[in-house]
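Undergrad: need coordinates for the following:
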Amino acid sequence: MALPGEATAPSDGGLRQPQPRYHQIGALSFELFRTFLWCLALGIWSFSPASAAEPVKIRFHTDWYPQPEHGGFYHAWLKGYYKEAGLEVDITPGGPQAFAVPRIGAGLADIGMGSCDDVLIANDRGIPAVAVGATMQNDPQGLMFHVNDPVKTFADLEGRSIAVTPGTAWFPYLVKKYGLKKVREIPHTFSIGPFLKDPSYIQMCFLTSEPFYAKLAGVDTRVLLISDTGYAPYRVIFTRKDFLEKHHDAVKAFVAASYRGWRDYLADPSFVHADLRKRNPELTPAKMDYSAKALVDYKFVLGDPAKGESQGLMTAQRWQFQFDTLKELGVIKGKFNVADAWTGEFIPKP
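TA: The predicted structure follows:
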């Protein structure tokens, strides 16, 4: 059915040429035309986006409290990139007791953040998680030492105690690769308090975070990045297989809008930082600037072109390496197809 003023099919078998729009209005009856004007005046006849399909709701669960390491997602949200893509995104912060994998598995979130190790372990435990994008080409995780600590390389860790989150997949890799027989794993407290008090203390960290707080407390540090050992998982966003199948286009739109948000955030993080501080009052401008600079300097997000990296890139080789390594270490049994744990469909062109 044609809207008032639109061309209609001729009644003479198509021999007559349709008249221009401005001629057709004159052919409407006076009553119909008056009704049309009333509808426009009252807002009944709407051509606004509200008359389009309802936006797809996505519950996005981050891996920690609001941080610059989430800057691209918040930028996309604040700038309306998700809305432009037809999405209604709700961002829920993670924390020490609120990790994304269990919530994704329980259906309490739709898309989450983590490492590709998290996705592989989830699949091994029967949670059909699928990585749909790489937010970081390399993981900022590392080991933090006092600047005068004698440890210079990973091989120097022999005989030392290291504070690590229980179940951290890369720790047994370090032990095996460097033949560490007397290294001791102690629970990570998610605090740098013990580190500040003990010059011999070693703990896991994010290069983009803990070294700043140590420096602020007057303690100089050094960091050895885990990725320098050859163990280099992607930081990824992932969803459930059934959600991807049901909302394929929405997931695609979310990934693309997030990548756009990350590019713009790294170009100018100041817009997002004001919002992040409202969400997480513990953040200071200096801390956020430090984190954003580290993300750029170490090419965590956009990748290093000299190494063949680019934003969002994921390769079958790296996924297979992580799969084989975790299986060899006994972290996973590996009775699933690694290709089912990720998709390269949404990788943007460099």
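Undergrad: use CA for all of it now, contacts and neighbours both
TA: Will do.
Undergrad: scan the chain for its longest helix.
TA: helix 248-267 (DSSP state H).
Undergrad: list the helices and strands that helix packs on?
TA: Packed against helix 248-267, as judged by 3 or more CA pairs under 8 Å, 6 or more residues apart in numbering; DSSP states H and E, are the following elements: helix 71-78, helix 81-84, strand 87-92, strand 129-136.
Undergrad: same thing but 7 Å
TA: helix 71-78, helix 81-84 (3 or more CA pairs under 7 Å, 6 or more residues apart in numbering; DSSP states H and E).
Undergrad: nearest to Pro140, out of those?
TA: Shortest distance between Pro140 and the helices and strands packed on helix 248-267, using CA to CA, is found for helix 71-78: 14.9 Å.
Undergrad: what angle do the longest helix of the chain and helix 71-78 make?
TA: Angle of helix 248-267 versus helix 71-78, following axes from the mean of the first three to the mean of the last three CA atoms, to 10 degrees, is 110 degrees.
Undergrad: which is the next helix or strand following helix 248-267?
TA: The helix or strand immediately downstream of helix 248-267 is helix 270-279, counting by DSSP states H and E.
Undergrad: may I have that following helix as PDB, with CA atoms only?
TA: The C-alpha trace of helix 270-279 is given here as PDB (Å, rounded to 0.1, in the frame of the first residue of the first chain):
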ATOM      1  CA  SER A 270      40.200  12.900  27.500                       C
ATOM      2  CA  PHE A 271      36.600  12.600  26.600                       C
ATOM      3  CA  VAL A 272      36.200   9.200  28.200                       C
ATOM      4  CA  HIS A 273      38.400   9.800  31.200                       C
ATOM      5  CA  ALA A 274      36.000  12.300  32.700                       C
ATOM      6  CA  ASP A 275      33.200   9.700  32.600                       C
ATOM      7  CA  LEU A 276      35.400   6.900  33.900                       C
ATOM      8  CA  ARG A 277      36.300   8.900  37.000                       C
ATOM      9  CA  LYS A 278      32.600   9.200  37.800                       C
ATOM     10  CA  ARG A 279      32.200   5.400  37.400                       C
END
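Undergrad: which residues touch that helix?
TA: The contact list for helix 270-279 (CA atoms under 7 Å, 6 or more residues apart in numbering) reads Pro66, Gln67, Gly71, Tyr74, His75, Leu283, Met288.
Undergrad: identify the farthest-apart pair in those residues.
TA: Among these, His75 and Leu283 lie farthest apart (CA to CA), at 16.7 Å.
Undergrad: could I get the full set of strands for the chain?
TA: 56-61, 87-92, 111-115, 129-136, 141-146, 161-164, 184-187, 203-206, 221-225, 235-240 (DSSP state E).
Undergrad: as JSON lines, those strands with distance to Ser270 would be great.
TA: Output for those, formatted as JSON lines (distance: least, CA to CA, whole Å):
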{"stretch": "strand 56-61", "distance to Ser270": "23"}
{"stretch": "strand 87-92", "distance to Ser270": "20"}
{"stretch": "strand 111-115", "distance to Ser270": "23"}
{"stretch": "strand 129-136", "distance to Ser270": "20"}
{"stretch": "strand 141-146", "distance to Ser270": "24"}
{"stretch": "strand 161-164", "distance to Ser270": "33"}
{"stretch": "strand 184-187", "distance to Ser270": "35"}
{"stretch": "strand 203-206", "distance to Ser270": "21"}
{"stretch": "strand 221-225", "distance to Ser270": "27"}
{"stretch": "strand 235-240", "distance to Ser270": "23"}
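Undergrad: out of the ones you listed, which one sits most buried?
TA: Highest mean neighbour count among those (mean count of other CA atoms under 10 Å): strand 129-136, with a mean of 28.
Undergrad: packing partners of it?
TA: Strand 129-136 packs on helix 116-124, strand 235-240, going by 3+ CA pairs under 7 Å, 6+ apart.
Undergrad: repeat that for 6 Å
TA: Packing partners of strand 129-136 (3 or more CA pairs under 6 Å, 6 or more residues apart in numbering; DSSP states H and E): strand 235-240.
Undergrad: elements contacting the strand it packs on?
TA: So strand 235-240, by 3+ CA pairs under 6 Å, 6+ apart, packs with strand 111-115, strand 129-136.
Undergrad: how far does the longest one sit from its chain's centre?
TA: Computed by CA atoms, centre = their mean, to the nearest Å, the separation of strand 129-136 from the middle of its chain amounts to 7 Å.
Undergrad: then it to PDB, C-alphas only?
TA: Output in PDB follows, covering the C-alpha atoms of strand 129-136 (Å, rounded to 0.1, in the frame of the first residue of the first chain):
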ATOM      1  CA  ALA A 129      32.100 -19.600  24.300                       C
ATOM      2  CA  VAL A 130      33.200 -18.000  21.000                       C
ATOM      3  CA  ALA A 131      35.700 -15.200  20.700                       C
ATOM      4  CA  VAL A 132      34.400 -12.700  18.200                       C
ATOM      5  CA  GLY A 133      37.000 -10.000  18.400                       C
ATOM      6  CA  ALA A 134      40.500  -9.200  19.700                       C
ATOM      7  CA  THR A 135      40.600  -6.000  21.700                       C
ATOM      8  CA  MET A 136      44.400  -6.400  22.400                       C
END
